[in-house]
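Novice: Curious how this folds, go ahead:
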Amino acid sequence: MSGRLIRRHDRGRRRAALRRANPAVHAEAIAAQDPAADVRRAAVPEMTSSLAAGLHAASARITPEALLCFARETYAIRRRRDRHLPGDLFGEPTWDILLDLYVATREDRPVPTTSACIGANVPPTTALRWLRILEARGLVEREEDGRDGRRTFVRLSARGLAAMDDWLHVALAMLDHSVGAILRRTMPPLAEAAE
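Specialist: Numbering: from 1, shown residues only. Take a look at the predicted model:
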């Protein structure tokens, strides 16, 4: 090792020892090296409460129809992504199954097991394995077809539906908040440029 690397290594070891021995002293030492750290640290609670308020306001406007539309679009975006990038890079068949079943549940449409496998966009044996896992975890349920004993339907369980509603609600509120922030940042400069 060169002398410079040894000194850097020793400094790192000393910092780690200081951090373990007395975290408060370490924080003060870091703050002394970076005067702007206090300003940034003071801004964190304000930014957090602003984000929470924005998410709460956005969340209040979200309807069940908006959640259904968002789930449809999320699934469609995933299929479009597969047209542009190799599909084997993105391995989330369970997410595709859950999105597909969410849309079907909200549309009150039965989904045969074979259709759920196709919606997963993976080989049928892989999709069936994931359906069994989702069923074991209580997120989906299977039901025999009353008219055709050879066929079974799969749907979200009450627990799975509640979990998907919650996730879609939070994700849509975050997206709404993010788009609003982007528009606030970009629209004034665009308006000024047009003048």
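
Novice: Counting by contacts, list what the helix or strand where residue 131 lies packs against.
Specialist: Assessed by DSSP states H and E, residue 131 sits inside helix 124-136. Helix 124-136 sits against helix 93-106, helix 113-119, strand 140-144, with contacts defined as 3 or more CB pairs under 8 Å, 6 or more residues apart in numbering; DSSP states H and E. Where C-beta positions appear, they are placed from N, C-alpha and C, glycine not excepted.

Novice: Only the buried residues of the second one, if you could.
Specialist: Buried positions in helix 113-119, judged by neighbour count with 16 or more other CB atoms under 10 Å: 113, 115, 116, 117, 119.

Novice: Also the shortest one?
Specialist: Judged by neighbour count using 16+ other CB under 10 Å, the buried positions of strand 140-144 are 140, 141.

Novice: mind listing the strands for the protein?
Specialist: For the chain, the strands defined by DSSP state E cover 111-112, 140-144, 152-156.

Novice: Any chance of those strands in CSV with distance to residue 73 and mean pLDDT as columns?
Specialist: Listed next are these as CSV, based on distance: least, CB to CB, whole Å; pLDDT from 0 to 100:
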stretch, distance to residue 73, mean pLDDT
strand 111-112, 19, 94
strand 140-144, 22, 93
strand 152-156, 18, 94
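
Novice: Can you redo the ones you listed as CSV, where the extra columns are distance to residue 132?
Specialist: Output for these, formatted as CSV (distance: least, CB to CB, whole Å):
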stretch, distance to residue 132
strand 111-112, 16
strand 140-144, 9
strand 152-156, 11
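
Novice: What ranges in this structure fall below the confidence cut-off?
Specialist: The model of the chain has pLDDT under 70 over residues 1-60, 87, 188-195.

Novice: The nearest residue to residue 70 once chain neighbours are set aside: what's it in contact with?
Specialist: Leaving aside its chain neighbours, residue 70 sits nearest to residue 172 (4.9 Å; criterion: CB to CB, 6 or more residues apart in numbering). Counting by CB atoms under 8 Å, 6 or more residues apart in numbering, residue 172 touches 58, 62, 66, 67, 70.

Novice: again, but for residue 161
Specialist: 102, 105.

Novice: cool, residue 141 as well?
Specialist: Contacts of residue 141 (CB under 8 Å, 6+ apart): 135, 154, 155, 156, 157.

Novice: What's the separation between it and residue 135?
Specialist: 7 Å (CB to CB, to the nearest Å).
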